[in-house]
Each structure stands twice: as C-alpha cells, then as structure tokens.
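Q: one predicted model, sequence on top.
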Amino acid sequence: MEWFGESYDDSLDKLFSVDTNELRRQLLGIYGVGEETADAILLYAGNKPVFVIDAYTRRIMGRTGFKPPKDNYADWQKLFMDNLPADVSLFNEYHALLVRLGKETCRPRPLCEQCCLNPSAKHVGQGFPCRNLHRGK
Ligand code: SF4
C-alpha cells in the first residue's frame, strides 16, 4: 500500500493505465508479491488479460494430461495464453472454475466419480484423457 500511495497517489486509474508488462514487473518488485499474486491483481483488479496459474490449475491440468514442456510458472501460463483468446471474462471465469474444481472435486485425493471431467459421467462425451486412472495420485 505504501508503494501504491507513493507511486500512484492511491489511484487505481493511474496504476492500471501502466503497460501491463511494465506493471507486472513493478508488482513483482514488491516484497512478498509473487507471480500468482501479481497476475491475480492484474486480472481481477485491473481487468488485464493475464491468465493466473495456481496449484489447483497445475494439479487438474497435470492429471488430465495437459502439461507444458517445463513445470514452471511461465510455461504453464504460456500454455493457456497461447491456446485461449486474450479475453478477461474468459480468463476470470476459467480460473475461478479451476479453483472450484480443485477445492471441491479434484482434491489431493480426487473424487473422480463426481467429477464433471470424468468421461464416465453421463454429461461428458467420450475420449477425454482424464479417467479414473488418477485416483489416489
Ligand atoms: S476425473 Fe478425477 S483426476 Fe480427473 S479432473 Fe476429475 S477429479 Fe481430477
């Protein structure tokens, strides 16, 4: 907050008028702000088209067979941003749904029987790579 006041006069308009990459760089320079937090600020407060990566996202996508070449934040984010349109509403909802799935169903011990991504569920088509194989992992 001190940085926000000193740098931007406590003005969100001023803050979010800054180029997104530059603002991300500045946020990452604040003690305690990591990539996930910086991107959450950019997306949820600033309405910038930046996809947020968190542990839920990595777990669910990893189990369903979608993984970037390297298991680091930048590559995970690139996987989403290269394959989705840069749409703030879409990124917002997509991340929120992954969080919900990770909290309620795709837990450390997944509840695959009740998962909307399980192809054995009636409302999902065949062929999705995530099957009950992941149980207990
Ligand atoms: S089917 Fe199981 S492992 Fe796959 S996403 Fe759903 S809860 Fe997770």
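A: It's in.
Q: got the CA coordinates for whichever strand or helix holds F4 in CSV?
A: Counting by DSSP states H and E, the element that carries F4 is helix 2-8. Extracted in CSV, the C-alpha atoms of helix 2-8 (Å, rounded to 0.1, in the frame of the first residue of the first chain):
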residue,chain,number,x,y,z
GLU,A,2,2.9,2.3,0.7
TRP,A,3,4.3,1.6,-2.8
PHE,A,4,0.8,2.2,-4.3
GLY,A,5,0.4,5.5,-2.5
GLU,A,6,3.9,6.7,-3.3
SER,A,7,4.0,5.6,-6.9
TYR,A,8,0.4,6.1,-7.9
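Q: for P85, helix, strand, or coil?
A: The local conformation at P85, judged by DSSP: H, G, I helix; E, B strand; the rest coil, is coil.
Q: against K67, how distant is it?
A: 22 Å (C-beta to C-beta, to the nearest Å). Using the backbone N, CA and C atoms, a C-beta is placed for each residue, glycine as well.
Q: who does the helix holding F4 touch, helix- and strand-wise?
A: Applying 3 or more C-beta pairs under 8 Å, 6 or more residues apart in numbering; DSSP states H and E, one finds that helix 2-8 contacts helix 12-15.
Q: contacts for the helix holding F4?
A: Applying C-beta atoms under 8 Å, 6 or more residues apart in numbering, the contact partners of helix 2-8 are D10, K14, L15, Q26, I30.
Q: give the buried subset of those as a PyMOL selection command.
A: With 16 or more other C-beta atoms under 10 Å as the criterion, this PyMOL line picks the buried residues out of those:
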select buried, resi 15+26
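Q: switch the contacts of helix 2-8 over to CSV; also include pLDDT.
A: CSV is the format used below for the contacts of helix 2-8 (pLDDT from 0 to 100):
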residue, pLDDT
D10, 97
K14, 98
L15, 98
Q26, 98
I30, 97
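Q: compare P85 and K67 (neighbour count), which wins?
A: K67 (14 against 8; other C-beta atoms under 10 Å).
Q: I'd like the distance between that one and T20.
A: Distance of K67 to T20, given as C-beta to C-beta: 26 Å.
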